[in-house]
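Enquirer: Sequence first, then the predicted structure:
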Amino acid sequence: MRFDELLARPALISHLRETFGAGRVYHAYLFVGPEGVGKRTAAGLCSQALFCQAAPGERPCGDCPGCAQFAEGHPDVYRLQVPDGKTQIPVDSVRDLTAALSDRPFSGGWRVVLIEEAEKMNASAQNALLKTLEEPPEGTVFLLVARALGALLPTVVSRCQVVRFSPLPEETVRQELLRRGAKEGDAKWIAQISEGSLGKALACLNDDHLPALMRGAQAAWEAARSGKGVAAAAGAIKVEKDEALLALDLFESIGRSCIREGDEAGARLVRAAMEARKMVNSNVTWQYALERMLMDAAGR
Ligand SMILES: [Zn+2]
């Protein structure tokens, strides 16, 4: 993979390509942003760029011996991860890492420490990292990835260059879904409910049940609007208890796309879906909440 395939803001991509491609890097970075917006992929590309031997603007190229060695597992790349069977990165792993960093790099070039779930370090693990993070050995670059700044100690954050990743534009998600083989109709609504997260969008796309649920919701909405019996339309949508709120998200997404197409019933559907969510949360039956929503939204 190359930087131009990364889904993120163009300004952010060129900043990363230029700094990491040219090796003009700070000693520690923290990539922060919601799930599924490309932070981990970016951290991998940035690391690889430091080992790539192509021209600076072309790094990482994916073809040179440096890139090949990175792909196989470069001895100067350290990945600090949650050990199997554990839920956190223990302080001992951090101590092992800092001890290893006191030796010289194997290849004499860059050395990278990749911490893809930095929030999984507990407070003592983060504290153990502080000193090395502040004064890392020459040629060592730390790349930390986290969902939110608040998950890390302020002392850790302050030692890193913070790079923010924002939710992706809906259109970017839609295009990527199409590129990955989604049907035109599915790509549109999945992008709408993905909240700018490609990770979430792909989970929806690969869900066994969700596309069928969406088609049921679309059919129910059409039936309700054309006056063809709301009860029958609603009855056709079977959901498990934990799927009711998700089904309402789908109706809301249908409403929002109606609004975009200038159809005023869309606004009624969005409002009615919000009301239905309250009903479902206060234990009104799904069937009743759904019929009520469709009737209100269809103006009947
Ligand atoms: Zn390369």
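Expert: Structure received. Numbering: from 1, shown residues only.

Enquirer: what residues are up against the nearest residue to Cys258 once chain neighbours are set aside?
Expert: The shortest distance from Cys258 to any non-neighbouring residue, by CB to CB, 6 or more residues apart in numbering, is to Gly266 (2.8 Å). Where C-beta positions appear, they are placed from N, C-alpha and C, glycine not excepted. Applying CB atoms under 8 Å, 6 or more residues apart in numbering, we find Gly266 in contact with Ile254, Gly255, Arg256, Ser257, Cys258, Ile259, Arg260.

Enquirer: now swap in Gln218 and tell me
Expert: Ile254.

Enquirer: pLDDT score assigned to it?
Expert: Gln218 is assigned 88 on the pLDDT scale.

Enquirer: Over to Arg300?
Expert: pLDDT, read off for Arg300, is 67.

Enquirer: what does Phe106 give?
Expert: pLDDT, Phe106: 86.

Enquirer: next one: the one 4 residues further on
Expert: According to the per-residue confidence, Trp110 scores 95 in pLDDT.

Enquirer: I figured it was touching Val141, is that so?
Expert: Yes. The criterion here is CB atoms under 8 Å, and Trp110 meets it with Val141 at 6.4 Å.

Enquirer: between the two, what contacts are shared?
Expert: Shared contacts of Trp110 and Val141, counting by CB under 8 Å, 6+ apart, come down to Leu50.

Enquirer: which residues touch the helix or strand of the chain with the lowest mean pLDDT?
Expert: Comparing helices and strands within the chain by mean pLDDT, DSSP states H and E singles out helix 230-235 as the least confident, with a mean of 80. Defining contact as CB under 8 Å, 6+ apart, one finds that helix 230-235 is touched by Ala219, Ala220, Trp221, Ala223, Ala224, Gln287, Leu290, Glu291, Leu294, Met295, Ala298, Arg300.

Enquirer: what do you get if the cut-off is 7 Å, keeping everything else the same?
Expert: Ala219, Ala220, Ala223, Ala224, Gln287, Leu290, Glu291, Leu294, Met295 (CB atoms under 7 Å, 6 or more residues apart in numbering).
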